[in-house]
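> what shape does this take:
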Amino acid sequence: MRRVRLGVAALALMVAAVGVLPAAGAWAAAAPDDDPTRFGLFRHKSEFSRQLKAGAQLYVSGVRTEVSVSQRSRSTIRIQATLYSFNRDRLGQIRLETEETADGWRVAVRWPGGEPRRGERAELDIITPPLELLDVDVQNAEISIEKLRTDEVRLRTSNEEISVDELIGRLDARTSNAEIEVDDQQGDARLKTSNARIEVAMQSGGLSASTSNASIDAEARFLDGDESVELDTSNGSVELSVSKNLRGRIEAETSNGGMSATGFTAVNGTSMGPEGGFLQIGEDRTVRAKISTSNGRVVLRGE
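Numbering: from 1, shown residues only. Predicted coordinates for the structure are as follows:
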């Protein structure tokens, strides 16, 4: 196991002297900007790359550390780090810590004193080969994933949005007080937030989505086998779009909202009222979707 723990000022000196970072890869670093941004923040950028075998595990963590991950490489991981602070000297004290493990790589942002000061933040733009596991655990920072193939993705943050586009693999995404947006998901997905909307479009796999005081808008058009949908919220509407040729049963509970369904073929039975009901499509009585809300309407669409 190998670990490197250096401030950005030290990184700049090492790169200028030898061009590589021993035991951890190559960095391309520049000195902090002489002039602050229009918001008065000083900025520093550095870049790290190294070989990483396909099927590795990648763990990323940090407070107020925005993370974006995409896959545009077969065998190399590249991390571009951008750090911001109102105090130019503090940039040299922020640590970007990397650790090689038997299964892959760990990356963490460490702030002087343990916490970022007002206005300070980090941005990590990561390009990876196909992974076995991507685990991102940050606080008060956005997470975005784009065009990634992996066995499993775990995303955790707070008070900021999570967005996922074109992921192949299982997904577990959790935040609070912020939206979750998922598009073109292939693989089972578990999504959880609070006080914010969830919007998700599934290409395949089962779905579990939960929030509060907000709506859920879900598409799951290729449900078959053991795949199912569970949607749960309060004080918000739920809209679910599935294939118009779906066979099975959809059950819903609500209060002060009611339930409606349009566009389905072979409807074999319904019971819809102000407190929800069910929709039976064809003879198959497998429960394909369960929906629960309060003070919100349930809308089912066959498309």
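> for the rest of this, base every contact and every neighbour count on C-alpha atoms.
OK.
> so where's the stretch 201-303 of the chain uncertain?
Applying pLDDT under 70 to the stretch 201-303 of the chain flags the ranges 224-225.
> any idea which element residue 89 lies in?
Using DSSP states H and E, the element containing residue 89 is helix 88-91.
> please, where are all the helices along this protein?
8-18, 88-91 (DSSP state H).
> could you dump the shortest one to PDB, C-alpha only?
Coordinates of the C-alpha atoms in helix 88-91 are reproduced here as PDB (Å, rounded to 0.1, in the frame of the first residue of the first chain):
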ATOM      1  CA  ARG A  88      -3.700  32.400  -1.300                       C
ATOM      2  CA  ASP A  89      -1.400  30.900   1.300                       C
ATOM      3  CA  ARG A  90      -3.900  28.300   2.400                       C
ATOM      4  CA  LEU A  91      -3.900  26.700  -1.000                       C
END
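> now do it: distance to the chain's middle.
The gap between where helix 88-91 is centred and where its chain is centred comes out at 30 Å by C-alpha atoms, centre = their mean, to the nearest Å.
> same question for stretch 261-269.
Offset of stretch 261-269 from its chain centre (C-alpha atoms, centre = their mean): 34 Å.
> cool, stretch 115-129 as well?
15 Å.
> in it, which residues are buried?
Buried positions in stretch 115-129, judged by neighbour count with 16 or more other C-alpha atoms under 10 Å: 116, 120-129.
> ok, now stretch 75-91?
Quick answer for stretch 75-91 (16+ other C-alpha under 10 Å): 76-86, 88, 90-91.
> does residue 255 touch residue 275 like I think?
Yes - with contact defined as C-alpha atoms under 8 Å, residue 255 counts as touching residue 275 (4.8 Å).
> got a list of what the residue nearest to residue 81 when sequence neighbours are not counted touches?
Leaving out its chain neighbours, the residue that sits closest to residue 81 by C-alpha to C-alpha, 6 or more residues apart in numbering is residue 124, at 4.7 Å. Residues in contact with residue 124 (C-alpha atoms under 8 Å, 6 or more residues apart in numbering) are 65-68, 79-82.
> just those now: which is nearest residue 244?
Residue 244 lies nearest to residue 68 out of the contacts of residue 124, by C-alpha to C-alpha, at 35.5 Å.
> name the nearest residue to residue 96, sequence neighbours excluded.
Using C-alpha to C-alpha, 6+ apart, the nearest residue to residue 96 is residue 109, at 4.8 Å.
> next one: residue 299
residue 239 (4.7 Å).
> and stretch 223-239, what's buried?
Applying 16+ other C-alpha under 10 Å to stretch 223-239 flags 223, 227-239 as buried.
> ditto for stretch 175-184
For stretch 175-184, by 16+ other C-alpha under 10 Å, it's 175-184.
> for those, give me a markdown table that also has pLDDT and distance to residue 97.
Formatted as a markdown table, the buried residues of stretch 175-184 follow (pLDDT from 0 to 100; distance: C-alpha to C-alpha, whole Å):
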| residue | pLDDT | distance to residue 97 |
| --- | --- | --- |
| 175 | 98 | 24 |
| 176 | 97 | 27 |
| 177 | 97 | 29 |
| 178 | 98 | 28 |
| 179 | 98 | 29 |
| 180 | 98 | 28 |
| 181 | 98 | 30 |
| 182 | 98 | 30 |
| 183 | 98 | 32 |
| 184 | 96 | 33 |
